[in-house]
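K.L.:
Need the 3D shape of this:
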Amino acid sequence: MSRRYLILDRDGVINEDSDLFIKSPEEWVPLPGSLEAIVRLNQAGFSVAVATNQSGIARGLFDEQTLNAMHQKLHRELNRLGGQIELIAYCPHGPDAGCECRKPKPGLLHQIARRWKIDLRGIPVIGDSQRDLEAARAVGARPILVRTGKGEQTLRTLETTVEVYADLGAAADALLKGDAA
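P.N.:
Below is the predicted model of the structure:
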């Protein structure tokens, strides 16, 4: 089975999102079917990474140790189901930091590409916000929008055509069937 790649946003795609930020492992709650979708993708040969803005760190809402605890919970729950996320790239900066890693800038995606030693052209990037789609376009990846999280709001203001699915499970099914080509 050849290795395929997929990059996911975290909040609103894998887990519930909150305008008040996800600040603890207790607040990190997977969306229905999202972990099972990752497992199905893994079983089909997809290597999965996460690219996530985590400005709650810069805002003083939680620290990197707490973020790591959230990600350990994600890994544990996925491992229990037989799945895995190979790597997580995150931006700890605030919106005004001017960094290169905060989406919509493509820095997180470049980090993932370097770690995997791949070209991102055509690689699916699934997100729920305009920022996710813009970062994907900036590297020639394949932007995919899910309606979960901020996806419905994003869809209302979208100015370009993009693949849209109800949730990560539906996007995964389409990728696995090849219907999303």
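K.L.:
by contact count, what packs against the longest strand seen in the chain?
P.N.:
The residue-count maximum for a strand in the chain (DSSP state E) belongs to strand 46-53. On a contact count with 3 or more CB pairs under 8 Å, 6 or more residues apart in numbering; DSSP states H and E, strand 46-53 meets strand 4-8, helix 34-43, strand 87-91, helix 107-116, helix 130-138. To be clear about C-beta, it is placed using only N, CA and C from the backbone, and glycine gets the same treatment.
K.L.:
Skip the chain neighbours and tell me the closest residue to Thr148.
P.N.:
Leaving out its chain neighbours, the residue that sits closest to Thr148 by CB to CB, 6 or more residues apart in numbering is Asp167, at 4.8 Å.
K.L.:
Make CSV from the helices and strands packed on strand 46-53 and add mean pLDDT and distance to Glu152 to it.
P.N.:
What follows is the helices and strands packed on strand 46-53, written out as CSV (pLDDT from 0 to 100; distance: least, CB to CB, whole Å):
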stretch, mean pLDDT, distance to Glu152
strand 4-8, 97, 18
helix 34-43, 98, 16
strand 87-91, 98, 24
helix 107-116, 98, 24
helix 130-138, 97, 13
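K.L.:
I'd like the ones you listed as TSV, with distance to Leu158 and mean neighbour count appended.
P.N.:
What follows is the helices and strands packed on strand 46-53, written out as TSV (distance: least, CB to CB, whole Å; neighbours: other CB atoms under 10 Å):
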stretch	distance to Leu158	mean neighbour count
strand 4-8	19	23
helix 34-43	22	20
strand 87-91	23	20
helix 107-116	20	19
helix 130-138	7	22
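K.L.:
So for Gly60, which of the ones you listed sits nearest?
P.N.:
strand 87-91 (15.7 Å; CB to CB).
K.L.:
Convert the very next helix or strand once past the longest strand of the chain to PDB, retaining C-alpha atoms only.
P.N.:
Counting by DSSP states H and E, the element after strand 46-53 in chain order, helix or strand, is helix 64-81. This file holds the C-alpha atoms of helix 64-81, laid out as PDB (Å, rounded to 0.1, in the frame of the first residue of the first chain):
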ATOM      1  CA  GLU A  64       2.600  24.500  26.300                       C
ATOM      2  CA  GLN A  65       2.500  21.700  29.000                       C
ATOM      3  CA  THR A  66      -1.300  21.900  29.000                       C
ATOM      4  CA  LEU A  67      -1.400  21.900  25.100                       C
ATOM      5  CA  ASN A  68       0.800  18.800  25.200                       C
ATOM      6  CA  ALA A  69      -1.600  17.200  27.700                       C
ATOM      7  CA  MET A  70      -4.500  17.900  25.200                       C
ATOM      8  CA  HIS A  71      -2.500  16.300  22.400                       C
ATOM      9  CA  GLN A  72      -1.600  13.300  24.600                       C
ATOM     10  CA  LYS A  73      -5.300  12.800  25.200                       C
ATOM     11  CA  LEU A  74      -5.800  12.900  21.400                       C
ATOM     12  CA  HIS A  75      -3.100  10.300  20.900                       C
ATOM     13  CA  ARG A  76      -4.400   8.000  23.700                       C
ATOM     14  CA  GLU A  77      -7.900   8.100  22.400                       C
ATOM     15  CA  LEU A  78      -6.800   7.400  18.800                       C
ATOM     16  CA  ASN A  79      -4.400   4.600  19.900                       C
ATOM     17  CA  ARG A  80      -7.200   3.000  21.800                       C
ATOM     18  CA  LEU A  81      -9.100   2.800  18.500                       C
END
